[in-house]
Structure formats: C-alpha cells, structure tokens
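Enquirer: Dropping a prediction and its sequence here:
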Amino acid sequence: MTNQAVSLIQSDRAETWQEILSDLITDPQKLLRLLELNPDTCPYSLEALAQFPLKAPRPFVERIEKSNWNDPLLLQIWPSEFEDNQADGFVVDPLNEEEFNPIPGLLHKYQGRVLLTAAPHCAIHCRYCFRRHFDYRANSPSRAQWEEAFAYIAADSSIEEVILSGGDPLAISDKQFHWLLQQLANIKTLTTVRIHTRLPIVIPQRITRELIDCLNETRLRVVMVVHCNHRQELDSTVTDKFDTLGEAGVTMLNQAVVLKDVNDNADALIDLNKALFKHNVLPYYLHMPDQVAGTEHFYVTDQHATALIKTLHASLPGYLVPRLVRENPGERGKTRIA
Ligand code: SF4
C-alpha cells in the first residue's frame, strides 16, 4: 500500500472519544471563529475563564448554529461577562456538600445510596454547574482511598445503590471503569449502579463496544441518567447511542436544568422530552438551577418554573413530565417544587 493510500485511510478513520477529549476547544477566540461570531459584540469574562475554563468538545460545538449569539447550546458554555456579577445568595458551595464528604470522593447524603466522584473532570464545562467551584483535586481518590470508600459502603448494609458522578464518571478509561464496576459488584448488598453523565450527549463516541460489554457483564442493575437540556443537543449520533444503551438493558433517564434563555419555555421542554422518549429515555428531573456564584444570569423563579410544569402537564402524558426539584443545603433529598 502506498503512503498516500495509508494517509487517506487514516484520515477517513472516525475519531475516538479519547482523541476528541484531548482536543477540546478551550480558547474563546477559536470558538468564535468556528461559529463565525464577532468577539466585540459579546465580551467574555477573563476572571470567569480563569476560575472555570472554557471546555467544549467539537461534536457539541458542531450542533451550535453559526452566527447566533442566542443559540441555546452556546449560552450553556460561553463564559459571559455576566459571570462577574456578585448577586446576593449566590455562593461557592450552595449545597454545602463538604458536610457530607466523610472520605475523599464519597458523598453520603441520601438514605440508601452514596455518590462517588469517579472522575475529577468533565468533557465540557457547563457554566451553570453547581460544582464549578468544587475541589476535584481534593476529591480524586487514590487506590487506597478507593479501598476505603468500598469498605465504607460494604460496612453499611442500608446502602443499595451507588451513584457514579463527577466530574463525569465516563471520562475515565474503559479499563478503570471496568475495575470500578467489578469492585462495586463484589459488594453483596449493592443492587444498582447509577451513572450520571453528560458524555453520551457531548461526545457520543464515548459509548464504545467495550463500555457496553462492561455494562452487560456486571450483575448490578445499571441506570444511566444523561444530562440534556435542549432538543438541539440531540443529533443522530447521540440518539443512535441511546438506542444501543437501551438494547443493552440500561434504564435510561434524563435530567435537565431549567435555564433562563436556554430552555425556560414550554415548547423547548416539550420538544426535548418527546425527542428523548423516541429513543427510550424518560424525563426524570427538571432541576431548578442552584444558586452558584457567577450563575445568576441563568436563574429562573419558582413561579415561572411551576407555570412551565403546568403547561407540560396539559400538553404531555404524565410520564413525559419531569419532576421539578431543587436541592436545598443540608437536606438529604431533593425538594419537589411541582
Ligand atoms: S457535565 Fe455536569 S458536572 Fe460537568 S460541568 Fe456540566 S453540569 Fe457540571
């Protein structure tokens, strides 16, 4: 085979999720060039960028409409100058999670389940994220600390479910993920593993054959809660992966956050929930945004969100209406609003 033929074949090869992950867009100017936007028309906050850098994977950016500052996907990742606003009641750790953090990487907040921060990073930085100030470095367990976490879970027979969160738990390699699932499956009292992830949306290539095999192999019941806020985030590469996960017996749920100017209208939420259901993903939660420092511009009032849910109830079957909830600091469960 000639060198030219080899290089043609290589350039036709689909990118792996690891290659996409190692080539995230982190420079706002580059993002604007790709989206054909003029930086002078919407400045960004250098302070916000330093605190929580821009991170956007190309498959997600490709779904953003060019030349549109109001694109609902762009608004979720753009480090707007509004992040510099210091609003009353918007704080660094709105959920006071440190209180429930007995071992690095483990949060025991809910009755019957614990949360493990399986990966110290995400593939995307969602500007409204309640963990944007979270100290992931201090919560990246070493092997010894993982053993401590497994011992903690095994010692409490009331714990039946482990929630893998992050960061994004699918940001770790298949090998690490497999190891983690095996360790959890060895704890006899566990019945379920729940994976909270945005990766199938932002880099659908992450759903590899190896990952599916690993999910199939475990004795634990697997629930995957994806995080999609807008219909435009779903293209066929994403929905094909939903189909694959559903065929593998994974229970698929979605949680969204209601965000000002992104999805705070009934049409957007109806479209989203119908599109998810076509691929066997049920709407689970619609979260009120947490009052995190730098995110006031995403905030919607309870009154507005409650009115949205009422419209959804009038327009959709009950099983397509998510539960509107908020997390209140110090409370062990979510508080249902509507
Ligand atoms: S993927 Fe989830 S944890 Fe990561 S930045 Fe987005 S909302 Fe936060």
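Expert: Happy to help now that I have it. All values reported here derive from a predicted model rather than from experimental measurement. Numbering: from 1, shown residues only.

Enquirer: Give the buried residues for the longest helix seen in the chain.
Expert: Longest helix in the chain by number of residues (criterion: DSSP state H): helix 302-315. Of the residues in helix 302-315, 305, 308-309, 312 count as buried by neighbour count, 16 or more other Cβ atoms under 10 Å. All C-beta spots, glycine's among them, are computed from the backbone N, C-alpha and C.

Enquirer: Let me see the mean pLDDT of it.
Expert: This predicted structure assigns helix 302-315 an average pLDDT of 97.

Enquirer: and what of stretch 21-30?
Expert: Here stretch 21-30 scores 96 as its mean pLDDT.

Enquirer: and it, does that touch the ligand?
Expert: No - using Cβ under 6 Å from any ligand atom as the criterion, no contacts between stretch 21-30 and the ligand are found, and the smallest distance is 12.3 Å.

Enquirer: Run through who's touching that stretch.
Expert: Residues lying outside stretch 21-30 but in contact with it, judged by Cβ atoms under 8 Å, 6 or more residues apart in numbering, are 31, 34, 39, 44, 49, 53-58, 61, 78-79, 123-124, 171, 203.

Enquirer: let's go with 7 Å and repeat that
Expert: Contacts with stretch 21-30, where a contact means Cβ atoms under 7 Å, 6 or more residues apart in numbering, come from 31, 39, 44, 53-58, 61, 79, 123, 203.

Enquirer: swap in stretch 62-74?
Expert: The set of residues external to stretch 62-74 that reach it, using Cβ under 7 Å, 6+ apart, is 35-37, 41-42, 60, 230, 232-233, 235, 262-263.

Enquirer: So for the contacts of stretch 21-30, which is the shakiest by pLDDT?
Expert: Across the contacts of stretch 21-30, no position has a lower pLDDT than residue 39, which has 80.

Enquirer: if we can go back for a sec, identify those among the contacts of stretch 62-74 that sit within helices.
Expert: When DSSP H defines the helices, the subset of the contacts of stretch 62-74 inside them is residue 60.

Enquirer: Just the buried subset of the contacts of stretch 62-74, please.
Expert: 35, 37, 60, 230, 232-233, 262-263.

Enquirer: if you look at the contacts of stretch 21-30, which of them are in strands?
Expert: Where these are compared with strands, as defined by DSSP state E, there is no overlap at all.

Enquirer: sorry, back to before: include distance to residue 23 when you put the buried residues of helix 302-315 into TSV, please.
Expert: As requested, those are arranged in TSV below (distance: Cβ to Cβ, whole Å):
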residue	distance to residue 23
305	37
308	37
309	39
312	38
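
Enquirer: Give the burial count for residue 316, as a bare number.
Expert: Neighbours of residue 316 under the rule other Cβ atoms under 10 Å: 18.
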